[in-house]
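K.L.:
Next input, structure requested:
(one chain, ligands or ions: 1)
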Amino acid sequence: MIIVNSKNKISELVSQLKQEGLKIGFVPTMGALHKGHISLVERALEDNERIFVSVFVNPTQFDNKQDLEKYPRTLERDVELLKTVSDTNIVVYAPTVEDIYSDNVNSTRFDFDGLEYEMEGEFRDGHFDGVGTIVKRLFEIVNPDNAYFGEKDFQQLQIIRKLVEKYNLSVNIVGCKIYREPSGLALSSRNERLKPEYKKTAPFIYKTLKAAKKKFGTKSAAKVTEWVKKQFAKNELLKLEYFTIANIETLKPVKRKSKHKKYRAFIAAYADDIRLIDNIALN
Ligand code: PAF
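P.N.:
Down below sits the predicted model:
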């Protein structure tokens, strides 16, 4: 496995591989890899000859300093896990903050046509400017043919599609299905921090999403939302932050259903001090 810390080395490696006519897939991560990330790498290996995996805890996308400090950094374990998928076809890019930002650790301001103000954007100030900044830089460094993002962060996925469209970037964005634990809980590095009683109740989030999907077949978005809020009010451990049924293109909450539009339901909830998000396609 090749592990590289410098962007110049990555660019060199990429142009070499491209000259050989190899397709490059890219899976950006913040490390603390789990089966969800691995499923993205496996998916990427289906379409590309070489996969670049970046492992970088991006400071500019954290609105909370403590969260950034507490974020797990487990590069050695991450590399071991990636080796179980392929030892020869994966390149790990694990840069320092300096390699990416020099001495200007700030994000660029982006206009994502309003996608950035919905849901996560309302609760995490500046988050999507940070994501846009890092993903654009990583795309410029790695210059991949295809890049893979999980649908768990569906809003992020749509914002990255918008980034690619607005800046005319020559990368194909592939959205990948949410990887779930057998209980239904969407995989996240945060799950490991859940105390047992919270771990036990957390699958309630996906169960409620599935029930909401069923109800959305016959009921209005407002009625379904009301029902979901009631279910969470009865759960003593999980605190609902938001539940929204939104159009998948604009991410705006649906007022009146249309047969011709696609919708998803999105949830953010706190289990103790751990924030969990999830979503489900409704039609
Ligand atoms: O989804 C993530 O882990 C991050 O937001 C990403 C895309 C790697 C950018 O830092």
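K.L.:
Point me to the residue of the stretch 151-283 of the chain nearest the ligand.
P.N.:
Residue of the stretch 151-283 of the chain nearest the ligand, by CB to the nearest ligand atom: residue 153 (5.2 Å). All C-beta spots, glycine's among them, are computed from the backbone N, C-alpha and C.
K.L.:
Check the burial of that residue by counting its neighbours.
P.N.:
18 (other CB atoms under 10 Å).
K.L.:
What of residue 191?
P.N.:
18.
K.L.:
tell me the secondary structure for residue 37?
P.N.:
Of the three states, residue 37 takes helix under DSSP: H, G, I helix; E, B strand; the rest coil.
K.L.:
Now do the contacts for it.
P.N.:
Residues counted as contacts of residue 37 (CB atoms under 8 Å, 6 or more residues apart in numbering) are 27, 29, 53.
K.L.:
so which of these would you say is closest to residue 201?
P.N.:
residue 29 (27.5 Å; CB to CB).
K.L.:
is it fair to say residue 28 lies in a helix?
P.N.:
No - assigned with three-state DSSP, residue 28 falls outside any helix and is strand.
K.L.:
I'd like the numbering to begin with 57 instead of 1 from here.
P.N.:
In the new count, where the first residue is 57, that last one comes out as residue 84.
K.L.:
State the three-state secondary structure for the closest residue to it other than its chain neighbours.
P.N.:
Sequence neighbours aside, residue 110 is the residue nearest to residue 84 in space, at 4.8 Å (criterion: CB to CB, 6 or more residues apart in numbering). What three-state DSSP gives for residue 110 is strand.
K.L.:
In the stretch 107-256 of the chain, what residue comes closest to the ligand?
P.N.:
Closest point on the stretch 107-256 of the chain to the ligand, by CB to the nearest ligand atom, is residue 114, at 4.0 Å.
K.L.:
Can you get me a residue count around that residue?
P.N.:
23.
K.L.:
Now do the same contact list for it.
P.N.:
Counting by CB under 8 Å, 6+ apart, residue 114 has contacts 86, 156, 186, 187, 190.
K.L.:
What residues does the first one make contact with?
P.N.:
So that's residue 86. Each residue near residue 86 by CB under 8 Å, 6+ apart is listed here: 111, 112, 113, 114, 127, 245.
K.L.:
Which residue, other than its chain neighbours, is closest to the fifth one?
P.N.:
Nearest in space to residue 127, with sequence neighbours left out and distances taken as CB to CB, 6+ apart, is residue 113 at 5.0 Å.
K.L.:
Repeat that for the second one.
P.N.:
The spatial neighbour of residue 112 that comes closest, neighbours along the chain excluded (CB to CB, 6+ apart), is residue 151 at 5.6 Å.
K.L.:
Can you tell me the SS state at that neighbour?
P.N.:
Under three-state DSSP, the three-state class of residue 151 is coil.
K.L.:
from what I can see it touches residue 110, true?
P.N.:
Yes - between residue 151 and residue 110 there is a contact at 7.4 Å, judged by CB atoms under 8 Å.
K.L.:
And the pLDDT for the closest residue in space to residue 90 that isn't next to it in sequence?
P.N.:
Nearest residue to residue 90 in three dimensions, chain neighbours excluded: residue 243, at 5.4 Å (CB to CB, 6+ apart). pLDDT for residue 243: 97.
K.L.:
try residue 298
P.N.:
Looking at residue 298, its pLDDT reads 98.
K.L.:
measure it to residue 324 for me?
P.N.:
Residue 298 is 5 Å from residue 324, where distance means CB to CB, to the nearest Å.
K.L.:
Am I right that residue 63 is in contact with residue 156?
P.N.:
Yes - using CB under 8 Å, residue 63 is in contact with residue 156, at 7.3 Å.
K.L.:
Within range of the ligand, give me the residues from the chain.
P.N.:
Contact residues, the chain versus the ligand (CB under 6 Å from any ligand atom): 84, 85, 86, 114, 117, 187, 190, 191, 209, 212.
K.L.:
Can you read off the pLDDT for the residue nearest to the fifth one when sequence neighbours are not counted?
P.N.:
The spatially closest residue to residue 117, leaving aside those adjacent along the chain, is residue 186, at 3.0 Å (CB to CB, 6+ apart). Reading off the confidence values, residue 186 has pLDDT 98.
K.L.:
Just give me the neighbour total for residue 186.
P.N.:
By other CB under 10 Å, 20 other residues sit near residue 186.
K.L.:
Can you tell me how far residue 75 is from the ligand?
P.N.:
According to CB to the nearest ligand atom, to the nearest Å, residue 75 stands 27 Å off from the ligand.
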